[in-house]
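A.B. asks: sequence plus the predicted model coming up.
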Amino acid sequence: MSVSVLPALSELLFLLAILFGIVALGISYLWLNFRVWHYPMYLPFKILIGLSLGGFIYASGGSGLTSSFFASIPMFIGLYYKMGLKGEYRSPLYFMAPALFGIIFLFLYPLVYEFYLSFTDLSLKTFADWIQTGSVPFAGIQNYIDVFKDRATGQSFVFVLWRTMVWTFVNLFFHLSIGLALALLLNAKGLKGVGVYRTILTLPWVIPQVIAVLVWRADFNESVGFINQFIKVMNQLVSFEWNGSIIAPLTWFGFEPQAWFLDEDALFAAACIVNIWLGIPFMMINCLGALQSIPGSVYEASSIDGASWLQKFRHITLPLLKPVMVPAAMLGAIWTFNNLNVIYLMTDQGRYEGADILVTDLFKQSFTYYRYGFAAAYSFVIFAILCVLTVIQVKVSRSNEAKAA
């Protein structure tokens, strides 16, 4: 029995032809605007085109938001050509055109539409009516109010936010500290086999995250997992007998087998351990690259002046690492704050409660409780929190740089 690949190839070529046709039309549209932007009737004609396009979409059954979005595109393009470009930057805009169309239709429109949904009562109850009629009950700002008080998961927003902050801080602290320590070791003079060590230490970053987390989840199994077995062996090695009873000193510090998935604190600690292991190589590679860019003559001059290793690290290494590590730390903080995979997989797709952070709680609200409008509002609250934290971080970084200067 032979299988023909011609239908698949013809369909692929057809889709590519459509894609190239759309890009060609877009570039032709931009070229036409460059030719006619200076005419007096250019802007009124653009407004007329926008209103006509929006009216056509609305008459065809489109929602008011969709119609308004597409109606505004010609208007904004006309304003940009008339007030901003004024016939300049023609070649750069042609090269940027495919990416701009992708951003508009794959990012900007979904973002605007999700913002619209955040003011509606879209849920599993109203989903069928929305599909059939295109309308959904309007909820106003009630979804945003419910984010802070109405919790289907039984966990308050403040508590989940606090857990997310702890999750981000703990992970970022160990990512930076252990990553920097390993980078310093790999950058030490005379160390043999650096390439081998670097390859081994980057394996957590190379291994697909889903596979790595699933293996770690098996290691944290209460009965047969490696972690509890290792703890038992270590307790046996350091334990001793005293007056007919076994004394295990490590248990005094809580180092004993845990029911990792049944205890909330243990589950959260297990998720932190896994994410720390996954994130160390990224920081290590950034630190190592920055360390190797520091001229050796700087350290030689400081040695002549009698500087100790600690003084070199404090006054030379850290300041020169800062331009690289601050952006890496900001990126790592955002990644950790929005890390869904580790918590989601460690809790067996949300089956175990107690380790949820904001993004996993958002995921449950949307795909477990089917509160789509509420989840849309929730996502914009998380987005606002990230924006505030980023602005604070940038201001603190600039303030430190100004003091250093």
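C.D. replies: Happy to help now that I have it. Given the structure is predicted, the values throughout are model-derived calculations rather than measurements.

A.B. asks: rest of the way, CA atoms for contacts and neighbours
C.D. replies: Will do.

A.B. asks: any idea how many residues pack against Trp260?
C.D. replies: The burial metric for Trp260, expressed as a neighbour count using other CA atoms under 10 Å, is 21.

A.B. asks: residues touching it, list them.
C.D. replies: Phe220, Asn221, Glu222, Ala266, Leu267, Ala270 (CA atoms under 8 Å, 6 or more residues apart in numbering).

A.B. asks: other residues contacting stretch 246-253?
C.D. replies: Asn235, Gln236, Val238, Ser239, Phe240, Glu241, Glu256.

A.B. asks: ok so, going back, columns secondary structure, neighbour count and distance to Gly354 on top of the contacts of Trp260, output as JSON lines?
C.D. replies: Conversion of these to JSON lines gives the following (DSSP: H, G, I helix; E, B strand; the rest coil; neighbours: other CA atoms under 10 Å; distance: CA to CA, whole Å):
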{"residue": "Phe220", "secondary structure": "coil", "neighbour count": "24", "distance to Gly354": "16"}
{"residue": "Asn221", "secondary structure": "coil", "neighbour count": "17", "distance to Gly354": "17"}
{"residue": "Glu222", "secondary structure": "coil", "neighbour count": "17", "distance to Gly354": "17"}
{"residue": "Ala266", "secondary structure": "helix", "neighbour count": "16", "distance to Gly354": "9"}
{"residue": "Leu267", "secondary structure": "helix", "neighbour count": "24", "distance to Gly354": "7"}
{"residue": "Ala270", "secondary structure": "helix", "neighbour count": "20", "distance to Gly354": "12"}
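
A.B. asks: ok, so of these, who is nearest Leu25?
C.D. replies: The shortest separation between Leu25 and any of the contacts of Trp260 is 53.0 Å, and it belongs to Ala270 (by CA to CA).

A.B. asks: so what's the closest one closest to, chain neighbours aside?
C.D. replies: Across the structure, with CA to CA, 6 or more residues apart in numbering as the measure, the residue nearest Ala270 apart from its sequence neighbours is Trp260 (7.0 Å).

A.B. asks: how near is Thr66 to Asn338?
C.D. replies: Noted for Thr66: a distance of 29 Å to Asn338, by CA to CA, to the nearest Å.

A.B. asks: using CSV, lay out the contacts of stretch 246-253 together with neighbour count, distance to Ile103 and secondary structure.
C.D. replies: Formatted as CSV, the entries for those read as follows, by neighbours: other CA atoms under 10 Å; distance: CA to CA, whole Å; DSSP: H, G, I helix; E, B strand; the rest coil:
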residue, neighbour count, distance to Ile103, secondary structure
Asn235, 19, 57, helix
Gln236, 14, 59, helix
Val238, 11, 60, helix
Ser239, 15, 62, coil
Phe240, 13, 66, strand
Glu241, 9, 69, strand
Glu256, 17, 52, coil
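
A.B. asks: and these as a markdown table, adding distance to Val324 and pLDDT?
C.D. replies: Formatted as a markdown table, the entries for the contacts of stretch 246-253 read as follows, by distance: CA to CA, whole Å; pLDDT from 0 to 100:
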| residue | distance to Val324 | pLDDT |
| --- | --- | --- |
| Asn235 | 42 | 77 |
| Gln236 | 45 | 78 |
| Val238 | 43 | 76 |
| Ser239 | 46 | 77 |
| Phe240 | 49 | 70 |
| Glu241 | 53 | 72 |
| Glu256 | 40 | 80 |
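
A.B. asks: now compare these and name the two farthest from each other.
C.D. replies: For the contacts of stretch 246-253, and using CA to CA, no pair is farther apart than Glu241 and Glu256, which are 17.7 Å apart.

A.B. asks: packing partners of the helix or strand where Val342 lies?
C.D. replies: Secondary structure assigned from DSSP states H and E places Val342 in helix 341-346. For helix 341-346, the contact count by 3 or more CA pairs under 8 Å, 6 or more residues apart in numbering; DSSP states H and E identifies helix 209-219, helix 264-292 as packing neighbours.

A.B. asks: who touches it?
C.D. replies: Counting by CA under 8 Å, 6+ apart, residues outside helix 341-346 touching it are 209-210, 213-214, 217, 267, 271, 274-275, 350, 355-357, 360.

A.B. asks: please redo it, this time with the cut-off set to 10 Å
C.D. replies: Residues from elsewhere that reach helix 341-346 (CA atoms under 10 Å, 6 or more residues apart in numbering): 209-218, 220, 260-261, 267-268, 270-272, 274-275, 278, 336, 347-352, 355-357, 359-361, 363-364.

A.B. asks: tell me the domain boundaries of this protein?
C.D. replies: Per automatic domain parsing, the structural domains of the chain span 6-117, 151-222+258-370.

A.B. asks: tell me the pLDDT at the residue nearest to Ala270?
C.D. replies: Among the per-residue scores, Trp260 shows a pLDDT of 83.

A.B. asks: tell me where this structure has strands.
C.D. replies: Here the chain has its strands, by DSSP state E, at 240-242, 245-247.

A.B. asks: what is the neighbour count of the nearest residue to His38 once chain neighbours are set aside?
C.D. replies: Of all residues beyond its chain neighbours, the one nearest His38 is Lys82 (7.3 Å), with distances taken as CA to CA, 6+ apart. By the measure other CA under 10 Å, the count of residues near Lys82 is 19.

A.B. asks: and Pro257, how far is that from Val215?
C.D. replies: In this view, Pro257 and Val215 are 18 Å apart by CA to CA.

A.B. asks: of those two, give the one with the bigger neighbour count.
C.D. replies: A direct count of neighbours by other CA under 10 Å for Pro257 and Val215 places Pro257 higher, at 17 against 13.

A.B. asks: check contacts around that one.
C.D. replies: If you count contacts by CA under 10 Å, 6+ apart, then Pro257 has Phe220, Glu222, Ser223, Ile227, Asn228, Gln229, Phe230, Ile231, Lys232, Asn235, Thr251 around it.

A.B. asks: quick check, pLDDT for the residue nearest to His38.
C.D. replies: Model confidence at Lys82, expressed as pLDDT, equals 73.

A.B. asks: now do the one 3 residues further on
C.D. replies: The model reports Leu85 with a pLDDT of 66.

A.B. asks: so which residues of the stretch 1-150 of the chain form helices?
C.D. replies: Along the stretch 1-150 of the chain, the stretches classed as helices by DSSP state H, counting those that start in this stretch are 6-36, 42-59, 64-79, 90-103, 109-117, 124-133, 142-149.

A.B. asks: buried stuff in the third one?
C.D. replies: By neighbour count, and taking 16 or more other CA atoms under 10 Å as the criterion, the buried residues in helix 64-79 are 65-75, 77-79.
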